[in-house]
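Q: no FASTA, just this:
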Ligand code: GLN
C-alpha cells in the first residue's frame, strides 16, 4: 500500500480494498522498522492515529468521506497539536504539550486525515540540514551519510522513504523546497498568506509559510486543497477563494513562458546540477514551453537581506520563551534574572542563540537604520525584480539548491556556507511568492530538484506545470533503495 499515490490510496479506501485502520497500521509498522535509522519522527502518535483511522472508517461508512479521509499524514513538529508534544526541535519545548491545534492541523483533521506523528526539524526551523535539532540529525534515505536538508528534513525524509504518504512543512527561506530537493520529493511553498500561520510556532513571521511535501504534484494539490484558506485567527491569511488545486493539473502548457534568471545559472552552481536543470528545461521545450532569458538583478542581495530580517523577527518572536510561560525552566534560579538567563541559555541551541544575538543587534537603537531599515528597502527591490520578470514570463525556473545533499557534519561548523544552501530559495520568501521543488534527476546518486516560481496566488499554475513534467518523466517515482 505504501507505494501508492494519495489519489490511489483515496480510491482504494473508497472501493473498500483496505480500511484506513489497515493503511495506518501499515505505515506505523514501516515507521517502527525503518525510522530507527532515519530519525525522521520526533514523536509517533500510534494510538491516536489508530483511533483517528477508525473514526475515518466510520465517517466513510456514514457516507461522509472526502478525498483525504483516512489518509495518513505526518506533521512537522512546528505545528501545535492538542495533547501532543510540540517541540519545534528544541530542548526549550521538549516538555511542551500544546493545549490547542494549529489551523493546519485542524483543517487536515477535519478532512479526516490521520496524523501519524510529528516530524524532526532544525530547532525553531533555523537550518538547512536538520543538524540543529535537539533530537539529533535526520538521515537522508538516499544515502545515510547525507543530510536530508532542512529545516523540514524529517518531513522530506519520511515522504521519500514512504513511511508517510504526505507531510507538512514550513518554509521561511527554503525549508520546504530545499529538503524536497535533497530528498527527491515534491514540495510546495504557497504564496504568503495562502495558509494560516495560527498555531505554527513563529520563526520570522513576515516570511513563514506552511505547505505540503508529497511524492507528486497531484498529491500536493490534494492536500493543499485542505490546507489553504482564510483564517480569522491569522490576520495575515488572505481572504481569497480557494480553487480546486487538482482541477487544472491536466491542462496543456503549450506556449508557457519560462523565465531563466541569469543569476541562477551563474558561478557557484554545481555543474552536475546545471546539467540536470538543462535537461528538465529541454523536456519543457518538448511540451511546447518557451524559454526566456531574464534577470533578477538584486538576487545577490537576498541572502544578506534575509539574514537581517529573519534574525530580527526571530529575536522578537523567541522572546516569549523566558522560562516562565512556556517550556524549559532552569533548576534552582537565584532570582528572576538568573531564571531568564539560564532558562534561555540552557534551553536554546547554538544556532538559535546566534540568530537571537544577530537580530537583537540589528534592531538596537543605534543600528536599526543601518541594518533592519536597509534590509526592508532591499526587500522591496528584490520583490520589484520579480514583479518586472512576471510581466514577461508565466513562471521562473532554476535549481532549488546549489548542490545535492551534503554529508552530515560537512557544513555544521561553517554557518555561512550553510546559509548559502538557500541562495535560490530565499528571494521567493522575501517577495512572498509561491515556489515549488520537483525531482528532476540525480548527481552522484543524490536527488536534484527543479525549482518553479510563480506569481502571487498562482499555485494552480505551478502545480499544473509540475504535474505535466511528472506525466512526462519518472524522477518523482524513484524510491531510495531499501525503502521500496
Ligand atoms: N535555511 C534557512 C534558515 O536557516 C531557512 C529556514 C527555513 O526556511 N525555515 O533560516
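A: Thanks, I have it. What you see is a predicted model; the values in this text were computed from it and never measured.
Q: ok, residue 277 to the ligand distance?
A: Distance of residue 277 to the ligand, computed by C-beta to the nearest ligand atom, to the nearest Å: 21 Å. For glycine as for every other residue, the C-beta is placed from the backbone atoms N, C-alpha and C.
Q: so where does that residue fall, helix or strand?
A: Secondary structure assignment for residue 277, by DSSP states H and E: helix 271-286.
Q: Report the distance from that helix to the chain centre.
A: The chain centroid and the centroid of helix 271-286 are separated by 24 Å under C-alpha atoms, centre = their mean, to the nearest Å.
Q: Give me the next element, helix or strand, following that helix.
A: Downstream of helix 271-286, the next assigned helix or strand under DSSP H and E is strand 290-294.
Q: What residues of that next one count as buried?
A: 291, 294 (16 or more other C-beta atoms under 10 Å).
Q: So whichever helix or strand comes after that strand, near the ligand or not?
A: The first helix or strand that comes after strand 290-294 along the chain, using DSSP H and E, is helix 302-317. Yes - judged by C-beta under 6 Å from any ligand atom, helix 302-317 and the ligand are in contact via residue 310.
Q: So what touches the next helix or strand after helix 302-317?
A: Sequence-wise, the next helix or strand downstream of helix 302-317 (DSSP H and E) is helix 336-347. Helix 336-347 is contacted from outside by 90-92, 321-324, 327-330, 333, 353, using C-beta atoms under 8 Å, 6 or more residues apart in numbering.
Q: tilt between the helix holding residue 277 and strand 290-294?
A: If you take axes from the mean of the first three to the mean of the last three C-alpha atoms, to 10 degrees, helix 271-286 sits at 130 degrees to strand 290-294.
Q: Show me what counts as buried in helix 271-286.
A: Within helix 271-286, the residues that count as buried by 16+ other C-beta under 10 Å are 272, 273, 274, 276, 277, 280, 281, 283, 284.
Q: so for that helix, what's the average pLDDT?
A: Averaged across helix 271-286, the pLDDT comes to 97.
Q: so what does that helix touch, helix or strand wise?
A: strand 257-261, strand 290-294, strand 395-399, strand 435-443, strand 446-454, helix 459-472 (3 or more C-beta pairs under 8 Å, 6 or more residues apart in numbering; DSSP states H and E).
Q: let's go with 6 Å and repeat that
A: The contact analysis (3 or more C-beta pairs under 6 Å, 6 or more residues apart in numbering; DSSP states H and E) places helix 271-286 against strand 435-443, strand 446-454.
Q: what comes into contact with it?
A: With contact meaning C-beta atoms under 6 Å, 6 or more residues apart in numbering, helix 271-286 is reached by 399, 440, 441, 443, 448, 450, 472.
Q: rewinding a little: nearest to residue 309, of the buried residues of helix 271-286?
A: Checking the buried residues of helix 271-286 against residue 309 with C-beta to C-beta, the nearest one is residue 273 at 27.0 Å.
Q: State the distance from that closest one to residue 296.
A: As judged by C-beta to C-beta, to the nearest Å, residue 273 and residue 296 stand 18 Å apart.
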